[in-house]
Every structure is written in C-alpha cells, then in structure tokens.
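# next comes the sequence, and after it the predicted model I'd like to discuss.
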Amino acid sequence: MADSSGSPDRGFGGSGNGWPVFRSLNSYHLQFLTHDLFAGLTLAAIAIPEQMATARLGGFAPQIGFFAFLAGSLAFAVFGSNRFLSSGADSTITPIFAGGLALLAASGTPQYLVLAAALALMVGLLLLAAGIFRLGWIADLLSIPVTIGFLVGISVHILVSQLPVILGLPSPGGPMLQRVAILARHLGETNLFTLVIGLGVLGIIAASERIDARIPGALIGLALAGVGAVLLGLESRGVTVLGAVSVAPPALALPDISAGHFASLVSLSLIISIVVMVQTAATTRSFPSDPDEPPDVDRDFVGVGVGSILSGLIGAFPVNASPPRTAVVCETGGRSQLAGLAAVAIVIALLAFGASLLSRIPNAALGGVLLFVAIRILRVGQIVAIYRQSFGEFLLILSTAAAIIVLPIEQGVGIGIALSLLHGIWSTTRARVLIFERVSGTSIWWPSSPNLPGEREPGVIVAGFQAPLSFLNAYDFRRDILDALRSSPQKARLIVLEATGIVEIDFTAAQVLRDLIRKCQTEGVDFAVARLESVRAQDAMVRFGINELLGPDRLFRSVEEAVTALGKN
C-alpha cells in the first residue's frame, strides 16, 4: 500500500528490497559496473563546472561547491533509495539561501560561511525528520503554476546576478530593480572580452545540449575559455579568473552560531526544506528506480537530508536533488549509485592533482554556465499551455514570479508557498452541490447536463458533492441542499447524497451535516447517503454520530439502490 507521497508503506529502517543502506546495490550484477563507470564519468564532466558555478552564485569559493557535491553524493548513495538521483549544490535553492544569509553577514566572509553550514545542518535535520515521519505529502503543497512562477523568479535572479560577470562590470547592490537600472546605465562600459567568453560558453553548452545531452558542453566551454585566457593574455585586458583553488581537505566541525542567528535561520531553513522536498519528490518520481514499483520519496528525503547534514559538518551549504544531473545518469546507462560514487572519485582526484588547472578559468565562463542554467529552468512550454488553458492559474505564475523578483527572495518564496496553499483552499471552497439524474434506460445516476438529458424520480432529489466536506465549504453545501429542496417541482420526500467525492468530513462539516439531516427529518424529508467509499469519511460518520442520526438502513452502495428502497414510499 502507498501513502499520499507515493512511497511504499514500510518503515524507515525496513527495506522493500532487503537493503537498509546502499539500496541501489540490491541485486547488483558485476556487468553493470562498466555502465556505472561511464555514467559516473559523464556525471563528473557535467557536475564539475556546474558545482563551481553554483558555489560562485552563492558567494562561495569553488571548492565549497565540490564539498557540497561530495557530501550530497556520498550520503545519498548510503541512505537514499533512487538508483539515479544526483544530489549536491543546486542553482534552484542557492539564490534563496544566499539572499537570506546576505541579510545576516557579508557574502564570502567567515561568518557567512559558518551561517551557511549551520543552515545546511538545520535543513538536513528537517528533511531527515520528514523522511522518518513519512511527510512526503508536503512535497505536494506547491502547485505546478506556483512552482513554475517560482522557477521564473529564480531564473531572473540568476540572470541579473551574472550579468555583471558577463559584462565585466562591478556587481551593484540593492534591490533587484535597482540593480537592473544601474547595470543599464553602465552598459557602455562593457568589456567585450568577458562578453565574448560568457556568450561563447553559453553557445557551446546550448549547442552540445541540442546535439546530445551527454556531451559535456560546460566542461568543454570552460576548458576552451581557460586556454584562451592564457594564450591571449586576457587577464591584462580586464578578464578576471578564479584564482587559486584550495586543495585542503574539509574537516568535520559543528558550526558555532549565536542564539540570535539561529532564530533568524529558522524561517529560511523551513523555506529551503520545502523547496528541496518538492524538487526531490519531482526528481525521484520522474526517474523511478523501478517503473513497476512506487518511488520511496520519504527515503529519498532521508538521503538528501543526511547529505545536507554532512555538507554542514564539512563547512559547505544545503544540497538538493538535481533533475538535469539525474537525467544524465539515467540516460547514460547508470544502474546504481555507484555512478555517483565514481563521479565523487573523479572530483576528489581533480582537487588533489588538478586544482591548479582551475585557477585560470575566467569568471565570465562560469557566468555563461549559469546563464544556461537560468534559461534551462524556464518552463516556457508549460507557461504557454497554462496561459491558454487556465488564465487564472497563469496569473499565479506571474504573481509568484513578481514576488520573488521584486521582494527579498526569501519573502518572495514564502509568498509563493502561501499563494499555492490559498489556491488549493480556494479550489476547495468552489465545490458546489450537483443535481444528479438517471441516464435513460439505465440504473446509472449522473450529474445533470444539457448534453446528456436524463430523468428524475418524482419527489426524489439526488445531490452530489465532489470535494472533502470541511469548514471551508460546509455552509455552501447546506445552502445548496436547501435551495434544491425549495426549488423542487414537487414536494421532496427523499434526498440522496451521492458521496463518491466526499473523502473526508471534519468536525465543523459534521455539525452542519447533522443540523441539515435534522431539518430534513423535521420537514418530513427522508435523508440517505449513497456511495460513501472513503474509509476516512465512513469513520467520521460513525465518530460524529451521523450514522446514528440517519437511522438504520440509510447507507447504500448505489444511488439506484437508495431510490428503489426509499423513493417509492
């Protein structure tokens, strides 16, 4: 049995495949090793430039991005469930926590690094708790339009943050719109060399992606940019480079922060955790280990959560599941998390023996990588489809994106989450009672429609409600039922509630339903319930005394059965 998250119904310590850890190695065959090594090599070629660029996006040294990748990949290989998922530094969450941390400490300072590590620990613990207590349903709190609007806002943040790097201009401070205005005034001071490097790397990545996603366009672009910078002496022409990359291995340590800073990080850690849960769930559902088995979303929360904890302990920042990197592992034939471990080994070797090669890479080249990331996360096709099919939800995209762009990014994301929840509540409150009719010549009762004319039983009203019955809609439900009774051509003697869509009944709704039943009974109208299939709703009927109030033999398995039994009286 699966819970609402789509996860198998088994405990955290158990394993449907027999492995409490290293689940992806269950039933592993030696012939899979060559597939995993090739997938790991491809993953490393994609991850190396991406992790460096993401670290720079957040105001960290490049090696911190590598540390986050090592922590995320190692932890997920041990504790995660999905065979393909890649965890590490991620450009979706980095602008969010970087914006939040910048309010507490200057970017790149020791205090900033300590706060980032503490945030990683807090996010990791929240994800670990979500996995252990099977809270995968939280990943469904963000609707698709709100998620798309969120990605649009993040994309704009990445673009604006990288424009100074690409143009060779100083990075302005202040709110988003102010930064754009400052950049616009200084466009005439653009360094053409950095512009060519940034757009060139962007073009190489885009062309490689179009030809074959497995081609490491970002790595090729960085290598060419580095070689060009050295051969042409571009540093003397105003092109800045990464500089020395530390090769010192990370040390385990608990970040030491004040109580005031801890309190300031609480809301930020909650927001980051929700975003990570949404993206992790989407990734593991999009690339399931076994198409015949539901993905264990909760267990994957544990894997990513432990990755963030380890990342915090070694002085890095929160990690996240990466859909593009996961797709690379899947599409290149990876069979297990050994692919991720192979990529880890390659990154460690690079840090140990090739860090000097990274020092001559132009910053504009990393900016080109991030420009491609920003463009890739835009869901243009879905935006167009939502605009055409549901303009109201298209406005959700615009509202969420605007909040993230105009407001401080942490507040904008919080507003996006609130909009998603409000949209869900609004959808629930829109549920109204439908009048059912019998399809001519059958025993099927169906909502009345001009396209499907049916027949009614004299003195009988069949009404359906296609939503959970709760405090949000209970009073509208009662009003609609009473209106149906008053507008009935003949005095009603029976009302049948078709309850297929009523999956839950809360306390408020139960009291309203009890009052409605009493009113009907007082006026001589019999009340019956048909097709109440939800076990939770059935339990509520008993718990709140509704069954007892209805009286015996007032619950039926079909509308026709109820009408036949009570409608002829």
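Received, thanks.

# make it CA atoms for all contacts and neighbour counts henceforth
Will do.

# dump the residue contacts of residue 565.
Residues near residue 565 by C-alpha atoms under 8 Å, 6 or more residues apart in numbering: none.

# quickly find the element holding it.
Element membership for residue 565 (DSSP states H and E) is helix 559-566.

# off-centre distance for that helix?
46 Å (C-alpha atoms, centre = their mean, to the nearest Å).

# so where is this protein shaky, pLDDT-wise?
Across the chain, the ranges flagged by pLDDT under 70 are 1-19, 568-569.

# please identify the helix or strand for the most centrally placed residue in it.
Central residue check for the chain by C-alpha atoms, centre = their mean: the C-alpha nearest the mean position is that of residue 278, 2.1 Å away. If you go by DSSP H and E, residue 278 is part of helix 259-286.

# tell me which strands and helices the very next helix or strand once past that helix is in contact with?
Using DSSP H and E, the helix or strand that follows helix 259-286 in sequence is helix 297-313. Helices and strands touching helix 297-313, by 3 or more C-alpha pairs under 8 Å, 6 or more residues apart in numbering; DSSP states H and E, are helix 62-79, strand 87-88, helix 110-132, helix 259-286.

# thinking again about what came up before, would you confirm that the residue nearest to the centre of the chain contacts residue 142?
Yes: if you go by C-alpha atoms under 8 Å, residue 278 and residue 142 touch, sitting 7.4 Å apart.

# joint contacts of these two?
What both residue 278 and residue 142 touch, as defined by C-alpha under 8 Å, 6+ apart, is an empty set.

# hey, which of the helices and strands packed on helix 297-313 is tucked in deepest?
strand 87-88 (a mean of 30; mean count of other C-alpha atoms under 10 Å).

# give me the contact list for the next helix-or-strand element following that one.
Downstream of strand 87-88, the first helix or strand assigned by DSSP H and E is helix 94-102. Helix 94-102 is contacted from outside by 54, 57-59, 107, 112, 115-116, 154, 157-158, 268, 272, 408-410, 413, using C-alpha under 8 Å, 6+ apart.

# so where do the helices sit in the stretch 151-300 of the chain?
176-185, 192-211, 217-231, 259-286, 297-313 (DSSP state H, counting those that start in this stretch).

# what angle do helix 217-231 and the helix or strand residue 54 falls within make with each other?
Take DSSP H and E as the rule and residue 54 turns out to sit in helix 33-57. With axes from the mean of the first three to the mean of the last three C-alpha atoms, to 10 degrees applied, the angle from helix 33-57 to helix 217-231 works out at 60 degrees.

# so which bits of helix 33-57 are buried?
By 16 or more other C-alpha atoms under 10 Å, the buried positions in helix 33-57 come out as 33, 35-57.

# do stretch 199-212 as well
199-206, 208.

# how far off centre is that stretch?
Distance of stretch 199-212 from the chain centroid (C-alpha atoms, centre = their mean) equals 27 Å.

# before we move on, what about stretch 383-390?
Between the centre of stretch 383-390 and the centre of its chain there are 20 Å (C-alpha atoms, centre = their mean).

# try stretch 501-517
Distance, centroid of stretch 501-517 to centroid of chain: 33 Å (C-alpha atoms, centre = their mean).

# and it, C-alpha only, in PDB?
Extracted C-alpha coordinates of stretch 501-517, given in PDB (Å, rounded to 0.1, in the frame of the first residue of the first chain):
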ATOM      1  CA  GLY A 501     -16.200  12.700  -3.900                       C
ATOM      2  CA  ILE A 502     -16.500  13.200  -0.100                       C
ATOM      3  CA  VAL A 503     -13.200  11.700   1.100                       C
ATOM      4  CA  GLU A 504     -13.200  13.400   4.500                       C
ATOM      5  CA  ILE A 505     -15.600  15.100   6.900                       C
ATOM      6  CA  ASP A 506     -14.200  17.400   9.600                       C
ATOM      7  CA  PHE A 507     -15.800  18.500  12.900                       C
ATOM      8  CA  THR A 508     -17.400  21.700  11.500                       C
ATOM      9  CA  ALA A 509     -18.800  19.900   8.400                       C
ATOM     10  CA  ALA A 510     -20.200  17.100  10.600                       C
ATOM     11  CA  GLN A 511     -22.100  19.500  12.800                       C
ATOM     12  CA  VAL A 512     -23.500  21.200   9.700                       C
ATOM     13  CA  LEU A 513     -24.500  17.900   8.200                       C
ATOM     14  CA  ARG A 514     -26.200  16.800  11.400                       C
ATOM     15  CA  ASP A 515     -28.200  20.000  11.500                       C
ATOM     16  CA  LEU A 516     -29.200  19.600   7.900                       C
ATOM     17  CA  ILE A 517     -30.300  16.000   8.400                       C
END
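
# buried set for it?
Those would be 501-506, 509-514, 516-517, for stretch 501-517 by 16+ other C-alpha under 10 Å.

# what do you get for stretch 181-197?
Under the neighbour-count criterion of 16+ other C-alpha under 10 Å, stretch 181-197 has 183, 191, 193-197 buried.

# over to stretch 406-426?
Buried residues in stretch 406-426 (16+ other C-alpha under 10 Å): 406, 408-421, 423.

# stretch 99-107 now?
With burial defined by 16+ other C-alpha under 10 Å, the residues of stretch 99-107 counted as buried are 99-101, 107.

# determine which two of those residues are furthest apart.
The distance between the two most remote of the buried residues of stretch 99-107 (C-alpha to C-alpha) is 10.6 Å, for 100 and 107.

# what about the helices in the stretch 451-569 of the chain?
Counting by DSSP H, counting those that start in this stretch, the helices of the stretch 451-569 of the chain are 474-486, 507-522, 535-543, 546-550, 559-566.

# and those: which comes nearest residue 223?
Closest to residue 223 of the helices of the stretch 451-569 of the chain, according to C-alpha to C-alpha: helix 535-543, at 59.6 Å.

# so how far is residue 464 from the closest residue to residue 514 other than its chain neighbours?
The shortest distance from residue 514 to any non-neighbouring residue, by C-alpha to C-alpha, 6 or more residues apart in numbering, is to residue 546 (6.2 Å). Relative to residue 464, residue 546 is positioned 18 Å away (C-alpha to C-alpha, to the nearest Å).

# now residue 435, what's its secondary structure?
strand (DSSP: H, G, I helix; E, B strand; the rest coil).

# so it is in contact with residue 466, correct?
No: the pair residue 435 / residue 466 is not scored as a contact, 11.4 Å apart, by C-alpha under 8 Å.

# which of these two has more neighbours?
Neighbour count, other C-alpha atoms under 10 Å: between residue 435 and residue 466, residue 435 has more, with 21 against 16.

# list the contacts for the more buried one?
Residue 435 makes contact with 447-448, 461-464 under the criterion C-alpha under 8 Å, 6+ apart.

# would CSV of the residues you listed with neighbour count be doable?
Below are those laid out as CSV (neighbours: other C-alpha atoms under 10 Å):
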residue, neighbour count
447, 17
448, 17
461, 24
462, 29
463, 22
464, 24
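
# narrow the residues you listed to those in strands?
Cross-referencing those against strands under DSSP state E gives 447, 461-464.

# farthest pair within the residues you listed?
The largest separation in the ones in strands among the contacts of residue 435, counting by C-alpha to C-alpha, is between 447 and 461 at 11.8 Å.

# what touches both of these two?
Common neighbours of residue 447 and residue 461 (criterion: C-alpha under 8 Å, 6+ apart): 435-436.
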